[in-house]
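>>> coordinates only, no sequence provided:
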């Protein structure tokens, strides 16, 4: 079995924003599907793992694109495993136009495997006798020329808080707020003008804890100094815990967006 | 060219709700894609029509399913034109499991063609010398065994109003709130228990006017007498106009849901 999985999709009309470019959430969804196919076809899919009470958990995702695909573009995603450590594996993505070969950009992700019963992380190096190592392509062999994660969210007291209620459409089959929906909620913080003046150059998101249907989310966001030609925003999502009306609850997600 | 277009999709993990069934909005999106392919392949796609300044406008959509597809199911949609009148055309859909042939259900839709410059409806019977009539399959030949539209929304003074702000993710390439997003906003009115106790048997939606990014929507909803084994809800979406703080603005959407 080839170490690289290729996944193809067409940018459908309802999957583009008002500027005519693919929604970032939809791209994220396709990347996760590509990852799912890669794992499944190599005996590491959730269907195989569930029998052994294991599941993959997405820990971090970052995407960096020079240009965003437009309506009706046919896009090809390549995905492969760059490294495997005891508790984490790095999976990369290349995103290109299937017709012209133009590379829109790349993405990186970090995953852990957990035991669904104990919620404890599994040792990826010993699971299935280290079978996963057969699929690793080191960075020297297949580079992913975008920076690794460096989200370090530091918000001042002036950061703005937006309250977001969660509903039926936010939730996945496990009853958790779906990882892609957080991305949509973060982008929905920005006014129309932001999308007209800038494009997203890089987006990083770290998943810290789960939130559930009915939880109230607090999106705390602040603009940072991004230099003359870019704007950088950091966002932390916390969830309401107990009676506290202030957003001092658990951190669910941290994200950074670089607009150019 | 065959009068029926067949469109296939796989139910991806993030496209199912917490009960494990396909989100209705995602099904709606696939139906519209199927319609797009049918029109495009027969010279009636938006790409062909735009040159002549025409575009299709969805006026009504209803879906009636006995069972909803589950995660990883491969679904096949057949779509065809049942009738063409001067200002409207009826397009139907059959939704089945591609592997077993099991028919989940059917859908109906009504479309108008408008001149994008004058916003006036076009005469479908004379456009392109009546070419569209070549693709009609009358109901006797290919039945669509679900009721036609009968949405007649009548809300009492007790109907509950929910205010929904619109954001970046709600809007399509034309800057309009996307037809599928209205469906999501309507379903998001219901608590978890509604989805646990009932399934959606029939959903009807009529699109009356456009709303735009930044508009505040008022979802006015009320339960009706649905008999002993079903629950019927009617919803009207209005948009805020001018200074009025009460939901007396323009009607954007009317919908009816039958839960069983």
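Received it, and whenever you're ready, just let me know what you need. A quick note: this is a predicted structure, and the numbers were derived from the prediction, not measured.
>>> the closest residue to chain B within the stretch 1-150 of chain A - how many residues pack around it?
Using C-beta to the nearest C-beta, the closest approach of the stretch 1-150 of chain A to chain B is made by residue A:18 at 4.9 Å. (Glycine included, C-beta is placed from N, CA and C.) For residue A:18, the count of nearby residues is 19 (other C-beta atoms under 10 Å in any protein chain shown).
>>> helix or strand: which one has it?
In the assignment (DSSP states H and E), residue A:18 maps to no helix and no strand.
>>> what bridges to residue A:254?
For residue A:254, the beta-bridge partners are residue A:206, residue A:236 (DSSP bridges).
>>> same question for the one 4 residues further on.
For residue A:258, the beta-bridge partners under DSSP bridges are residue A:202, residue A:232.
>>> list the residues that contact it.
Applying C-beta atoms under 8 Å, 6 or more residues apart in numbering or on different chains to residue A:258 gives the contacts A:200-203, A:226, A:230-232.
>>> go on, residue A:11?
Residue A:11 makes contacts with A:22, A:69-75, as judged by C-beta under 8 Å, 6+ apart.
>>> likewise for residue A:148?
Contacts of residue A:148 by C-beta under 8 Å, 6+ apart are residue A:108.
>>> what values do phi and psi take at it?
The phi/psi pair for residue A:148 (degrees, to the nearest 10) reads phi -70, psi 180.
>>> for it, give its distance to residue A:107.
For residue A:148, the distance to residue A:107 equals 12 Å [C-beta to C-beta, to the nearest Å].
>>> how about the residues of the stretch 1-150 of chain A that lie near chain B?
Contact residues, the stretch 1-150 of chain A versus chain B (C-beta under 8 Å from any C-beta of the partner chain): A:12-14, A:16-18, A:20, A:23, A:25, A:29, A:32-33, A:36, A:71.
>>> what does residue A:99 show for phi and psi?
Dihedral angles (degrees, to the nearest 10) for residue A:99: phi -90, psi -40.
>>> quickly list what the nearest residue to it once chain neighbours are set aside is bridged to.
Nearest non-adjacent residue to residue A:99, counting by C-beta to C-beta, 6 or more residues apart in numbering or on different chains: residue A:74, 5.9 Å away. Beta-bridge pairing of residue A:74 under DSSP bridges involves residue A:10.
>>> residue A:74: how many residues sit nearby?
Residue A:74: 13 neighbours (other C-beta under 10 Å).
>>> what do you get for residue A:212?
Residues within reach of residue A:212, counting by other C-beta under 10 Å, total 15.
>>> per-residue pLDDT, it?
On pLDDT, residue A:212 comes in at 94.
>>> what's the answer for the one 3 residues further on, then?
Looking at residue A:215, its pLDDT stands at 93.
>>> pLDDT on the helix or strand residue A:33 falls within, on average?
Counting by DSSP H and E, the element that carries residue A:33 is helix A:24-41. Helix A:24-41 shows an average pLDDT of 96 in the prediction.
>>> tell me what that helix is packed against?
For helix A:24-41, the elements it packs on are strand A:5-10, helix A:46-51, strand A:54-65, strand A:74-84, strand A:89-97, strand A:103-115, helix A:179-187, judged by 3 or more C-beta pairs under 8 Å, 6 or more residues apart in numbering or on different chains; DSSP states H and E.
>>> so which residues of the stretch 151-260 of chain A form strands?
Along the stretch 151-260 of chain A, counting by DSSP state E, counting those that start in this stretch, strands occupy A:160-165, A:200-207, A:216-224, A:231-239, A:250-259.
>>> closest to residue A:112 out of these?
strand A:200-207 (10.1 Å; C-beta to C-beta).
>>> residues in contact with that closest one?
A:24, A:57-66, A:68, A:146-147, A:149-151, A:179, A:182-183, A:186, A:230, A:252-260.
>>> those, buried ones only, as a ChimeraX selection?
Under the burial definition 16 or more other C-beta atoms under 10 Å in any protein chain shown, those of these that qualify are selected in ChimeraX by:
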select /A:24,57,58,59,60,61,62,63,64,65,68,146,149,179,182,183,186,252,253,254,255,256,257,258,259
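>>> picking that back up, distance-wise, check the residue nearest to residue A:99 relative to residue A:255.
Residue A:74 is 29 Å from residue A:255, by C-beta to C-beta.
>>> ok so, going back, in TSV: the strands of the stretch 151-260 of chain A, plus distance to residue B:79.
Converted to TSV, those look like this (distance: least, C-beta to C-beta, whole Å):
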stretch	distance to residue B:79
strand A:160-165	36
strand A:200-207	35
strand A:216-224	38
strand A:231-239	40
strand A:250-259	39
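>>> residue A:141: which of the ones you listed is closest?
When the strands of the stretch 151-260 of chain A are compared (using C-beta to C-beta), the closest one is strand A:200-207, at 24.2 Å.
>>> next one: residue A:140 from residue A:83, what distance?
Residue A:140 sits at a distance of 11 Å from residue A:83 (criterion: C-beta to C-beta).
>>> which parts of the helix holding residue A:33 are buried?
A:24-40.
>>> and the angle from that helix to strand A:74-84?
Interaxial angle of helix A:24-41 relative to strand A:74-84 (axes from the mean of the first three to the mean of the last three C-alpha atoms, to 10 degrees): 60 degrees.
>>> what sits up against helix A:24-41?
Applying C-beta under 8 Å, 6+ apart, the contact partners of helix A:24-41 are A:1, A:5, A:7, A:9, A:15, A:45-48, A:56, A:58, A:61, A:63, A:68-69, A:75, A:77, A:79-81, A:91, A:93, A:95, A:107, A:109, A:111, A:179-181, A:183-184, A:187, A:200, A:203, B:12-14, B:169.
>>> same question for stretch A:52-65.
Contacts with stretch A:52-65, where a contact means C-beta under 8 Å, 6+ apart, come from A:24, A:27-28, A:31-32, A:39, A:46, A:49, A:88, A:95, A:104-117, A:122, A:127, A:146-147, A:149, A:151, A:179, A:200-207.
>>> redo that, cut-off 6 Å
A:46, A:49, A:104-117, A:122, A:146, A:149, A:179, A:202-207 (C-beta atoms under 6 Å, 6 or more residues apart in numbering or on different chains).
>>> got a quick PyMOL command for the buried subset of the residues you listed?
Remark: buried members of the contacts of stretch A:52-65, expressed as a PyMOL selection using 16+ other C-beta under 10 Å:
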select buried, chain A and resi 49+104+105+106+107+108+109+110+111+112+113+114+122+146+149+179+202+203+204+205+206+207
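>>> for the stretch 151-260 of chain A, which residues are neighbours of chain B?
A:167-169, A:171, A:173, A:175, A:178, A:184, A:187-188, A:192, A:213 (C-beta under 6 Å from any C-beta of the partner chain).
>>> alright, calling it a day.
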